[in-house]
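A.B. asks: the following comprises the amino acid sequence and a computationally predicted model.
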Amino acid sequence: MRIRMGFVSTATSLWETTPSRTLTFKRFSSLKKEERMEKLYEVTRQNISNTRRILYFNTAHEIEVYRLSSSIVPLATHPEAGWDFVSPFAREWRELGDWIQRHQMRVSFHPNQFTLFTSENPGITSNAVRDMEYHYKMFEAMGVHDNSYMNIHVGGAYGNKPAATARFHENIKQLPAHIRAKMTLENDDKTYTTEETLAVCLNHGIPLAFDYHHHMSNPGEKPIEELLPMIFGTWNHTGIPPKIHISSPKSEKEFRSHADFVDVEFLMPLIKLLKELKQDVDFMVEAKMKDKAMLKLIEDLSKIRGIKRVSGGSMVVK
């Protein structure tokens with residue numbers, strides 16, 4: 001059973017490498033008209049450049065799983081400042097995609113918590129569609145849209161979870177089919193349990209990106225042993241391994257908060273279950289220290305009998 005590992009957005013091992021530099025609308029509006037696009041180009045160019053550096057870092061460390069930043073393009077979905085961020089950087093986007101494909105890297109996006117389809121407010125649903133379209137356009141510009149996925153949560157319950165779930169089923173129809181085919185859903189730590197999220201996934205043929213820490217915070221009724229095979233089944237049509245989000249609690253008091261690194265003891269029950277199921281998976285490490293946490297975790301796990309590190313970013317559990 002093989003496990004590949006990846007991390008989120010920023011390589012903390014590299015100097016000044018955030019791919020998420022921002023430009024607020026207030027700042028954008030304060031600039032002279034001729035300076036506005038120049039500033040947008042400058043920030044976007046830097047974010048793309050830093051993304052390229054991180055991809056190079058991943059390849060050097062044999063890391064094959066990576067979550068791209070959702071904030072590469074500032075003001076991309078702002079109703080008063082939305083702009084063509086593809087054409088001016090067509091070559092740069094393609095360079096990112098060529099590297100990703102050449103090194104068989106699995107990349108993804110995770111739009112923010114406001115990208116949801118359970119609201120009664122039509123404007124929120126419209127914004128969610130716009131945000132998903134933005135992420136898909138980045139995949140498309142890189143040429144990786146056929147094999148890459150965007151992950152979101154089901155959304156809020158608004159005091160009536162059955163009604164909110166029914167709205168999800170209806171509102172998600174507003175998302176174009178080709179984008180809906182490239183989304184995953186994740187169980188969350190307060191509202192939608194793994195079991196509830198799985199029911200939504202099965203209804204729409206959507207893969208479930210299982211978050212182990214969230215499940216431990218918000219477990220629901222069915223045991224994980226019963227849920228995991230069904231979760232893995234939602235990935236069968238994709239041709240890629242199921243993805244699991246990995247982190248551990250900051251403390252007993254702050255159980256839902258992510259620690260800087262991943263506690264191996266917290267993770268081991270899941271590793272043992274995966275071993276029993278003989279299921280290859282990809283881990284997305286969501287600890288605060290990002291790449292450093294991922295590299296430390298694989299090093300810590302490889303010291304355990306029966307676990308062998310086979311590359312910089314993957315291991316085999318026997």
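C.D. replies: Received it, and whenever you're ready, just let me know what you need.

A.B. asks: what about the helices in the stretch 101-250 of the chain?
C.D. replies: 122-142, 161-171, 177-180, 194-204, 212-217, 224-233 (DSSP state H, counting those that start in this stretch).

A.B. asks: any chance of those in JSON lines, plus mean neighbour count, distance to F283 and mean pLDDT?
C.D. replies: From N, CA and C alone the C-beta is placed, and that goes for glycine too. Listed next are the helices of the stretch 101-250 of the chain as JSON lines, based on neighbours: other Cβ atoms under 10 Å; distance: least, Cβ to Cβ, whole Å; pLDDT from 0 to 100:
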{"stretch": "helix 122-142", "mean neighbour count": "19", "distance to F283": "22", "mean pLDDT": "97"}
{"stretch": "helix 161-171", "mean neighbour count": "16", "distance to F283": "27", "mean pLDDT": "97"}
{"stretch": "helix 177-180", "mean neighbour count": "13", "distance to F283": "25", "mean pLDDT": "97"}
{"stretch": "helix 194-204", "mean neighbour count": "19", "distance to F283": "17", "mean pLDDT": "98"}
{"stretch": "helix 212-217", "mean neighbour count": "21", "distance to F283": "9", "mean pLDDT": "98"}
{"stretch": "helix 224-233", "mean neighbour count": "16", "distance to F283": "14", "mean pLDDT": "97"}
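
A.B. asks: out of these, nearest to N58?
C.D. replies: In terms of Cβ to Cβ, the element of the helices of the stretch 101-250 of the chain nearest to N58 is helix 122-142, at 14.6 Å.

A.B. asks: and for N160, the neighbour number?
C.D. replies: Neighbour count for N160, taken as other Cβ atoms under 10 Å: 10.

A.B. asks: same question for E221.
C.D. replies: If you count neighbours by other Cβ under 10 Å, E221 ends up with 8.

A.B. asks: now it: closest residue in space that isn't a chain neighbour?
C.D. replies: Distances taken as Cβ to Cβ, 6 or more residues apart in numbering place E195 nearest to E221, at 6.5 Å, with adjacent residues excluded.

A.B. asks: distance check, the one you found against S29.
C.D. replies: Per Cβ to Cβ, to the nearest Å, E195 is found 46 Å from S29.

A.B. asks: cool, and L274?
C.D. replies: Distance from L274 to S29, by Cβ to Cβ: 50 Å.

A.B. asks: comparing those two, which residue is more hemmed in?
C.D. replies: Between L274 and S29, L274 has the larger neighbour count (other Cβ under 10 Å), namely 20 against 10.

A.B. asks: hmm, R2 and that one touching each other?
C.D. replies: No: in this structure, L274 is not within contact of R2 by Cβ atoms under 8 Å, at 10.1 Å.

A.B. asks: okay, and the common contacts of these two?
C.D. replies: Residues touching both L274 and R2 (Cβ atoms under 8 Å, 6 or more residues apart in numbering) are V317.

A.B. asks: now do the strands in this structure.
C.D. replies: 2-8, 65-67, 106-109, 149-153, 183-186, 210-211, 243-246, 281-285, 307-311, 314-317 (DSSP state E).

A.B. asks: quick one: residues contacting F210.
C.D. replies: 186-187, 194, 228, 231, 242-245.

A.B. asks: cool, and P229?
C.D. replies: By Cβ under 8 Å, 6+ apart, the residues touching P229 are L277.

A.B. asks: now do the one 5 residues further on
C.D. replies: In this structure, T234 makes contact with 198, 201-202, 205-208, 242, judged by Cβ under 8 Å, 6+ apart.

A.B. asks: just the pLDDT for it.
C.D. replies: Turning to T234, the model gives it a pLDDT of 98.

A.B. asks: pull the most distant pair out of the contacts of F210.
C.D. replies: Distance extremes for these: the farthest pair is E186 and L228 at 14.8 Å, using Cβ to Cβ.

A.B. asks: which one's the longest helix in the chain?
C.D. replies: Counting residues, the longest helix found in the chain (DSSP state H) is helix 33-60.

A.B. asks: I'm done for today, thanks for sticking with me.
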